[in-house]
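Peer 1: pasting the sequence and the predicted coordinates here, then a few questions.
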Amino acid sequence: MAFDTSAGITVSSGVSDYAANAIGWFEGVRQQASTNADAKEALATRTAEALSNDTGVNVDQEMSLLLDLEHTYQASARMMKTVDDMLDALLSAVG
């Protein structure tokens with residue numbers, strides 16, 4: 001089968017040669033994407049550390065505390081609703 005030379009494959013190749021070349025090309029693309037992802041992850045980690053060092057605030061710890069506060073608020077709201085329902089039931093039973 002004849003192939004375009006811009007694809008990086010010899011002009012005339014068999015299917016097995018084409019498959020081998022395609023797999024090699026895909027592996028090269030995968031390695032490049034993996035390298036780029038690792039670089040971006042390292043950059044994000046260094047940026048978060050720099051922010052934490054500069055501001056003196058640990059973002060992960062602050063988010064954890066914020067989630068604890070949210071859960072405490074939700075529990076308190078449920079408790080207040082229950083007490084309100086109990087008082088309404090008591091007042092309706094008495095009066």
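Peer 2: That came through, no problem.

Peer 1: hey, which helix or strand in this protein has the poorest pLDDT?
Peer 2: One helix or strand of the chain scores below all others by mean pLDDT, DSSP states H and E: helix 15-55, with a mean of 87.

Peer 1: what residue lies at the spatial centre of this structure?
Peer 2: Glu41 (11.2 Å; C-alpha atoms, centre = their mean).

Peer 1: could you report the neighbour count for Ser52?
Peer 2: By the measure other C-beta atoms under 10 Å, the count of residues near Ser52 is 15. C-beta coordinates here come from the backbone N, C-alpha and C atoms, glycine included.

Peer 1: in terms of contact, does it touch Arg46 like I think?
Peer 2: No - proximity of Ser52 to Arg46 does not meet the contact threshold set by C-beta atoms under 8 Å, at 10.7 Å.

Peer 1: what domains does the record give for this protein?
Peer 2: Per the record, the chain has its domains at 1-57, 58-95, by automatic domain parsing.

Peer 1: now the shortest one: average pLDDT?
Peer 2: This means domain 58-95. Taken as a whole, domain 58-95 has a mean pLDDT of 93.

Peer 1: and the least confident helix or strand of the chain, what does it pack against?
Peer 2: Counting contacts by 3 or more C-beta pairs under 8 Å, 6 or more residues apart in numbering; DSSP states H and E, helix 15-55 is packed against helix 59-94.

Peer 1: how far out from the middle of the chain is the helix it packs on?
Peer 2: The chain centroid and the centroid of helix 59-94 are separated by 30 Å under C-alpha atoms, centre = their mean, to the nearest Å.

Peer 1: angle of it against helix 15-55?
Peer 2: Angular relation of helix 59-94 and helix 15-55 on a 0 to 180 degree scale: 80 degrees, by axes from the mean of the first three to the mean of the last three C-alpha atoms, to 10 degrees.
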